[in-house]
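Peer 1: Quick one, what's the 3D model for this:
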Amino acid sequence: MKVLCNVDNLTEITGTEAKTGTNQNSPVGQKSGTTSLSAAYEVQVSVCIPNWNCRNYLRNCLISLRENLGETSFEVIVVDNGSRDGAVEMVRDEFPEVKLIQNAKNVGFARASNQAAEAARGKYLFFLNNDTILPPETIGSLYEFAELHPVVGMFGPKLIDGSGHTQISYRQKPSVVALLHRTSIFRWTGLLKRLYYRYRREQFNPEVIREVECLMGAAIFMRRSIFNMTGRWDEDFTFGGEDIEFSTRVNKYFRLYYVPSIAITHFGRVGSRQNVTFSAPKVIVGYLQYFRKTGISPLSIFLYKIVVTLETPIHLLTKFAQYLYRKLTFRNQDAEKSLLIVRGLWAFLTRDLFLFWRT
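Peer 2: Model (predicted):
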């Protein structure tokens, strides 16, 4: 199997210095004072896939995993969150080798990921979205990179969309000010555009391996011992924000890296588009949960709530007008995109606004 990075220290690749307080001689690059965990493992990698009503994408993902032949042993665990599209039956009939866990309802990404990890037997956990396709040898390449670079606590591959374009595969930790740019009030004025751009894209270089603050939850690879040590996924999150919070928590003790030499296809937002009245409101609440859990001041959180609450009806009316215009001008595909946003904003206002303020 091809060796990705034949070096002893990732600093040589990135040109960055080690974290202050990190003991370079400790196992898995732990900060001084942490304890090494070891165990005997039945397989090398456990692939953990939450699923909700994405049968066809899940099927393609599992086919690509089945084609990942090589010396690296791995298992696949699918946790289904009460799908009604036949996904459970498809996995049971077409992929009998997959370990299937069924939930009666949608318990959220975080809970489903934890369920998969609890059932895992691997030394490493690979948390993977169901709308992904892995080239052959991907599992082996991920495992080899982890073994060659124990200083890395958690890492993610390059994400490529269905058209072959590179997606944002890592980002900085968000701030309240940066996310306010997503609201219509500030987006129209452009006052916070620079801060939002910095959060999303300023330091993103798709071809350079580097230490990062936050990895995208679509594909995350880490040691099971580190997962257990740092507290697992936070189940207070239902959908949205959990990958940022998890990255922030793991990064307190271990290094996070983006590894572009390994790439996978990620179609992106498939489940959220198909279930927009569930996903869109939960994402808004999820960011607020992240702010509260990471120590943002109560005043900043209160102001953020005020702006989002006042802005959402404006955004809703604007997108509804856009939908009507696109429909009348026979731009049906664009009209459907506007309608998705309208449905998500309406669900937030009528169902999740109280939860937003209570968070």
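Peer 1: okay, now the closest residue to Thr238 other than its chain neighbours: neighbour count?
Peer 2: Spatially, and ignoring its direct neighbours in sequence, Thr238 is nearest to Gly108 (4.0 Å; CB to CB, 6 or more residues apart in numbering). Quick note: C-beta positions are derived from backbone N, CA and C, even for glycine. Applying other CB atoms under 10 Å, we find 24 residues neighbouring Gly108.
Peer 1: likewise Lys105?
Peer 2: With other CB under 10 Å as criterion, Lys105 counts 8.
Peer 1: quick one on the thing from earlier: torsion angles phi and psi at the residue nearest to Thr238?
Peer 2: Dihedral angles of Gly108 (phi, psi; degrees, to the nearest 10) stand at phi 100, psi 160.
Peer 1: Which residues are in contact with it?
Peer 2: 81, 235, 237-239 (CB atoms under 8 Å, 6 or more residues apart in numbering).
Peer 1: farthest-separated two in those residues?
Peer 2: Across the contacts of Gly108, no pair lies farther apart than Asn81 and Phe237, at 13.8 Å, counting by CB to CB.
Peer 1: Break down the stretch 151-300 of the chain into its strands, ranges please.
Peer 2: Under the criterion DSSP state E, counting those that start in this stretch, the stretch 151-300 of the chain carries strands at the ranges 152-160, 170-171, 210-211, 214-215, 219-223, 255-266.
Peer 1: Off-centre distance for the host helix or strand of Cys61?
Peer 2: Following DSSP states H and E, the helix or strand that holds Cys61 is helix 55-66. Mean-position distance between helix 55-66 and its chain equals 18 Å (CA atoms, centre = their mean, to the nearest Å).
Peer 1: what is the mean pLDDT for it?
Peer 2: Helix 55-66 shows a mean pLDDT of 96.
Peer 1: and the gap between Pro157 and Ser300?
Peer 2: Shown here: Pro157 relative to Ser300, a distance of 34 Å by CB to CB, to the nearest Å.
Peer 1: wait, I meant Ile264
Peer 2: The separation that Ile264 has from Ser300, given CB to CB, amounts to 36 Å.
Peer 1: Compare the two and say which one has the larger neighbour count.
Peer 2: Remark: of Ile264 and Ser300, Ile264 carries more neighbours, 22 against 13, as counted by other CB under 10 Å.
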